[in-house]
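J.: Just to be clear, the model below is a prediction. Sequence and coordinates:
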Amino acid sequence: MIKARLAAAALALCATLSGCGGDKGPLTLGVAGPIAKANGRSLKLAAEMAVEEINKAGGVGGRNLELVIEDDNGDAGTAIEVAARLRANPAVLAVIGHVNSGATLAAAPIYNETGGGGEARAAGDSSKGVRADIHGTDPLVEISPASSQAEITGAGDYTFRTVPSDLEHGPVLARQAAEKLGRQRAAILFSNDDYGRGVMASFADAFRKQGRQVVESDPYLPGSVDNSSGLEPYLARALRGGMDALVIAGAADRATVIIEAARRLGFTGPILGGDGLTSLKDSASADGLYVSSAWLPDRPDPQAQDFVKRYFEKYHEYPDHRGANAYDLVYLLKLAIEQGGASRSGIRDYLAQVGRGKPAFEGRATGRIAFDENGDVVNRGVVIGVVRNRKLVTAQ
């Protein structure tokens, strides 16, 4: 009787995966992000690590996983092109990505388009006039391990994410500045994009509600900060206004210039930033920087520490929150294929029920994953890290 039940279960799994006497080829997942940049490196490496582990253990119903890796350079326009290629590839079952919020938002209409002649128009200023030929293929899940911009909520039925939104990052940073560090007058330099504006607004609102003052709030264009000449007037004005904390709401690739300019002008107070700055840990100028994140590599959990240990042994560096989430997402998508079937719609329908009718997924690196009706992760807190000796560790 037991053998019969096991045999029936095996046949059911085989049928779900179309792998019994049928397709024995690999199962393909996409990975999309700024692969060549610091904020995309861990995404790629961790996804590759998870796939290697799964394949060594027998794959998914006897079929190997494989990755199609696309570099969007953290750019919204490039993300649209990447999304179109991934969607047009019928072998791709789901996409882990994108990383930057602007890229995720720009790509979402491509992944979510459900009809109308095999073409999708992408939304957002960077994609005006851009159309992507998706060849009548089915919509495709994009599940971001890093995008925190609030507007991603409700981006489409095929869009999910495993990090809290900026609406949670800003208040945590504000509490760190006001309560833990005792700061009264903050200045904010923010990247003039969806991510930067989101962190800036949520921080400023929470900081003011604590009875503190925002003395300056100035935007910068991400592509224009190559030296400090354009930034120093903002920083000098903030210093004259009594700035005792500086908040950088933007990506890491320009934040170093801002930090160095502030220190050169004589600012000695704390500098804080959102999760876009996590990869700054390797910069000597970032020592003492406070960063909000959905996950830190010193997370006090045995499974998380086992993941960090194995990742470090393999790559000789520590993972960031993007990599930790990508690692867990490969395993979540493996389960979605096993339970929902090796189809785009089956994967989407399974993910939509995780934590809502189906059990939450227990990630090895990041812990519990459950989604709400909008595809947002629930009950994931934000923690504050601090850069010490080129490591990002939990702030005390």
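T.: Thanks, I have the structure now. Numbers count the residues shown, from 1 in each chain.
J.: Would you map the strands across the stretch 51-200 of the chain?
T.: 65-71, 92-96, 119-121, 131-133, 141-144, 159-161, 185-191 (DSSP state E, counting those that start in this stretch).
J.: Check the stretch 251-396 of the chain too.
T.: Going by DSSP E, counting those that start in this stretch, the stretch 251-396 of the chain shows strands at 271-273, 290-293, 361-363, 367-369, 383-388, 391-394.
J.: Would you enumerate the residues in contact with the most centrally placed residue in the chain?
T.: Residue closest to the mean C-alpha point of the chain, counted by C-alpha atoms, centre = their mean, is residue 146 at 0.9 Å. The contact partners of residue 146, by C-beta atoms under 8 Å, 6 or more residues apart in numbering, come to 33, 39, 43, 99-100, 161, 163, 275, 321-322, 325. All C-beta spots, glycine's among them, are computed from the backbone N, C-alpha and C.
J.: Most neighbours among those, which one?
T.: Within the contacts of residue 146, residue 33 tops the neighbour count with 35 neighbours, counted by other C-beta atoms under 10 Å.
J.: returning to what we had before: now the residue nearest to the centre of the chain: how far from residue 43?
T.: 7 Å (C-beta to C-beta, to the nearest Å).
J.: Now for these two: what residues contact both?
T.: Counting by C-beta under 8 Å, 6+ apart, the residues touching both residue 146 and residue 43 are 33, 99, 322.
J.: So which of the residues you listed is the closest to residue 235?
T.: Closest approach to residue 235 among the shared contacts of residue 146 and residue 43 (C-beta to C-beta): residue 99, at 28.0 Å.
J.: I'd say that closest one and residue 34 touch.
T.: Yes - counting by C-beta atoms under 8 Å, residue 99 does reach residue 34; the two are 5.9 Å apart.
J.: Now do the shared contacts for those two.
T.: Shared contacts of residue 99 and residue 34, defined by C-beta under 8 Å, 6+ apart, comprise 40, 74.
J.: Count residues in the vicinity of residue 101, would you?
T.: Applying other C-beta under 10 Å, we find 28 residues neighbouring residue 101.
J.: Quick check: nearest residue in space to it, chain neighbours excluded?
T.: Spatial nearest neighbour of residue 101, excluding adjacent residues (C-beta to C-beta, 6 or more residues apart in numbering): residue 149 at 3.2 Å.
J.: Could you tell me which of the shared contacts of residue 146 and residue 43 belong to helices?
T.: residue 322 (DSSP state H).
J.: Is it possible to get JSON lines of the shared contacts of residue 146 and residue 43 that adds distance to residue 358 and pLDDT?
T.: Converted to JSON lines, these look like this (distance: C-beta to C-beta, whole Å; pLDDT from 0 to 100):
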{"residue": "33", "distance to residue 358": "27", "pLDDT": "98"}
{"residue": "99", "distance to residue 358": "27", "pLDDT": "96"}
{"residue": "322", "distance to residue 358": "25", "pLDDT": "96"}
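J.: which one among the shared contacts of residue 146 and residue 43 gets closest to residue 56?
T.: residue 322 (23.5 Å).
J.: so the closest one touches residue 100, yeah?
T.: No - look at residue 322 against residue 100 with C-beta under 8 Å: they stay out of range, at 10.4 Å.
J.: Which neighbours do those two have in common?
T.: By C-beta under 8 Å, 6+ apart, the residues touching both residue 322 and residue 100 are 33, 39, 146.
J.: Any stretches of the stretch 201-350 of the chain with poor pLDDT?
T.: 222-229 (pLDDT under 70).
J.: Repeat that for the stretch 51-200 of the chain.
T.: Judged by pLDDT under 70, the stretches of the stretch 51-200 of the chain that qualify are 115-135.
J.: can you rerun that using 80?
T.: 115-136 (pLDDT under 80).
J.: contact partners of stretch 367-375?
T.: Taking C-beta under 8 Å, 6+ apart as the criterion, the residues outside stretch 367-375 that touch it are 153-155, 157, 159-162, 301, 304, 328, 332, 351-352, 354-356, 360-363, 377-379.
J.: List the buried residues in that stretch.
T.: 367, 369-371, 375 (16 or more other C-beta atoms under 10 Å).
J.: quick one on the thing from earlier: which one of the contacts of residue 146 is nearest residue 220?
T.: Looking across those and measuring by C-beta to C-beta, the closest to residue 220 is residue 100, at 16.1 Å.
J.: Please parse the protein into its domains.
T.: 2-164+300-380, 167-293 (automatic domain parsing).
J.: what's around residue 113, how many residues?
T.: So residue 113, with other C-beta under 10 Å, has 23 neighbours.
J.: next one: residue 150
T.: Neighbours of residue 150 (other C-beta under 10 Å): 19.
J.: mind listing what it touches?
T.: Residue 150 neighbours (C-beta under 8 Å, 6+ apart): 165-167, 198.
J.: and if we set it to 10 Å?
T.: 101, 165-168, 170, 194-195, 197-198, 201-202, 376 (C-beta atoms under 10 Å, 6 or more residues apart in numbering).
J.: Could you do residue 335 as well?
T.: 60, 347, 350-351, 354, 358-359, 361 are the contacts of residue 335 under C-beta under 10 Å, 6+ apart.
J.: mind checking how far the residue nearest to the centre of the chain is from residue 95?
T.: Taken as C-beta to C-beta, the span from residue 146 to residue 95 is 13 Å.
J.: for residue 351, same thing?
T.: In terms of C-beta to C-beta, residue 351 sits 12 Å off from residue 95.
J.: Also residue 63?
T.: Taken as C-beta to C-beta, the span from residue 63 to residue 95 is 19 Å.
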